[in-house]
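Colleague: Structure of the sequence below:
(one chain, ligands or ions: 1)
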Amino acid sequence: MNRRKFLVGAGLAATAGAFVSSCGSRRSASTESASEWDKVRAQFNLTPDQIDLSALFIASHPKPVRDAIEHFRRTLDENPTFYLSEQLNSHENDVLEAAADYLGAHPANIALTDSTTMGLGLVYNGLNLLSGQQIITTEHDYYATRESLRLAADRSGAQIRDIKLYQQGDTITADEIVSNIGNAIAPETRVVALTWVHSSTGLKLPLKQIADAIAEANANRDESQKVLMCVDGVHGFGVEDVEMVDTGCDFFMAGCHKWLFGPRGTGIIWGNDRAWSAVNPIIPTFMDDEVRNAWMRGDEPSDRITARRMTPGGFKAFEHQWAMAEAFKFHLDLGKDKVASRTHELNRQFKEGLAGMSHVKLYTPLDENLSSGIVCFDVNAMSPRDVVRRLSERKIVATSTPYADSHARVSPSIRNSSQEIDIALSEIRALA
Ligand SMILES: Cc1ncc(COP(=O)(O)O)c(C=O)c1O
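Modeller: Numbers count the residues shown, from 1 in each chain. As a prediction, the model looks like this:
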């Protein structure tokens, strides 16, 4: 994998000072010298008088992404028909190449989508499921997975089996998660639908260990009967330093407009060859000439499904889709390893701070093998919404988890400093 040098070029240094001096009095007491991460923060136009701990929600675009969007918007506005006809293929290919570079994958295995939700909907509803087959999913999954599966089951007659991955949040182990999944797999299981990093608790699943357990269950199955491991990867994507092969999954769906800080309204599906051969498209593609040519001839296209064929067609917000390449390059220029270690460092600081507060209950594991960039917690006698509101009054942007059992949630990212974490912790301490 081509790992670019940390913070090369891109004029990062030039804008660092602007951020440090624009931080206002809250940061002026800071002892942290302007670091490489200040220069990263300076790439974002986030309002400077707030501490934004909501990277998991919706991206603010860093400068290279903003510039690319602006460039494509201007060019399209000048001559949309000509530019689209001339440039569509080459820009799509640039995006796929950059995504492949980031994912450590082949461009032919990547489909472009508008969001995580679109990827989940396309995959789960595109799977060739039969009545009597089973989909295993978990109680901890987000609405987008659950609703896609409900629709897929309604359509196909497949059954959904819901499992619990752990008994108690404060004693979770990777082995417990893996054995709960392994034990649930039955002869009729065709799909295991999971989420890499849970947005309800911040738990990160040990994907490779789960994949190994699934591979064991698959050992004696025919290819068409093998269990497919499908993952909503959005909250590890743009954080963890892994390549697709390290995850062991068959399908991986993620939006690029959260942790990757890519253009809003963009996402990807990655699938291995087994995965693509198990689905059918839901939306006609514009990316596969074979399908269009077959239509012109009044013919059927071959039934070989590819990532291109699974990429939904129709015209797009092309200035956003084409600017995706810059988001992948932004992360590769920083270094995936450095992004991962910085995000973990800030999250560790947050979790350790909360763990020392007697009026706070922490739901996210301290173990970094079981956590990533999300920290979920409750403050005694306060609703999660009230915690978020009180923090917002102190100019700290947090969110509450959109689940029946809701918690307050922060997601420290490479846009934050250690001083910001300290400030947020002291505001939570003051809620006692
Ligand atoms: C686990 C998870 N998956 C998917 C989504 C939705 O992502 P998108 O907006 O890219 O569809 C969210 C929250 O926004 C989420 O927490």
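Colleague: Flag every residue of this structure that's near the ligand.
Modeller: When proximity is defined as Cβ under 6 Å from any ligand atom, the chain approaches the ligand at 115-117, 142, 144, 195, 199, 232, 234-235, 255, 267. For the C-beta atoms, the positions are set from N, CA and C on the backbone; glycine is no exception.
Colleague: One more pass at 8 Å, please.
Modeller: With the criterion set to Cβ under 8 Å from any ligand atom, the chain comes near the ligand through 56-58, 115-120, 141-145, 195, 197-199, 232, 234-235, 254-255, 257-258, 267, 402.
Colleague: Keep only those of those residues that are in helices.
Modeller: With DSSP state H as the criterion, helices contain 116-120, 143-145 from among those.
Colleague: Where is the longest helix in this structure?
Modeller: What stands out as the longest helix in the chain, according to DSSP H, is helix 80-103.
Colleague: Pull up the pairing partners for the next helix or strand after that helix, direction included.
Modeller: Counting by DSSP states H and E, the element after helix 80-103 in chain order, helix or strand, is strand 110-113. Using DSSP bridges, the strands paired with strand 110-113 are strand 267-271 (antiparallel).
Colleague: circling back to that earlier point, turn the ones in helices among the residues of the chain next to the ligand into JSON lines, including pLDDT.
Modeller: Shown next, in JSON lines, are those (pLDDT from 0 to 100):
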{"residue": "Thr116", "pLDDT": "98"}
{"residue": "Thr117", "pLDDT": "98"}
{"residue": "Met118", "pLDDT": "98"}
{"residue": "Gly119", "pLDDT": "98"}
{"residue": "Leu120", "pLDDT": "98"}
{"residue": "Tyr143", "pLDDT": "98"}
{"residue": "Ala144", "pLDDT": "98"}
{"residue": "Thr145", "pLDDT": "98"}
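Colleague: State the distance from Leu127 to Glu36.
Modeller: 43 Å (Cβ to Cβ, to the nearest Å).
Colleague: Those two - which one has more neighbours?
Modeller: Set side by side, Leu127 and Glu36 show more neighbours around Leu127, with 25 against 15, by other Cβ atoms under 10 Å.
Colleague: per-residue confidence for that one?
Modeller: We have a pLDDT of 98 for Leu127.
Colleague: Contact partners for whatever residue of the chain ends up closest to the ligand?
Modeller: For the chain and the ligand, the shortest gap (Cβ to the nearest ligand atom) falls at Gly255, measuring 2.6 Å. If a contact means Cβ atoms under 8 Å, 6 or more residues apart in numbering, then Gly255 has 115-117, 119, 234, 266-267 as its contacts.
Colleague: which one of the residues you listed is nearest Thr285?
Modeller: Gly119 (14.3 Å; Cβ to Cβ).
Colleague: Contact partners for that closest one?
Modeller: 111, 113, 253-255, 267-269 are the contacts of Gly119 under Cβ under 8 Å, 6+ apart.
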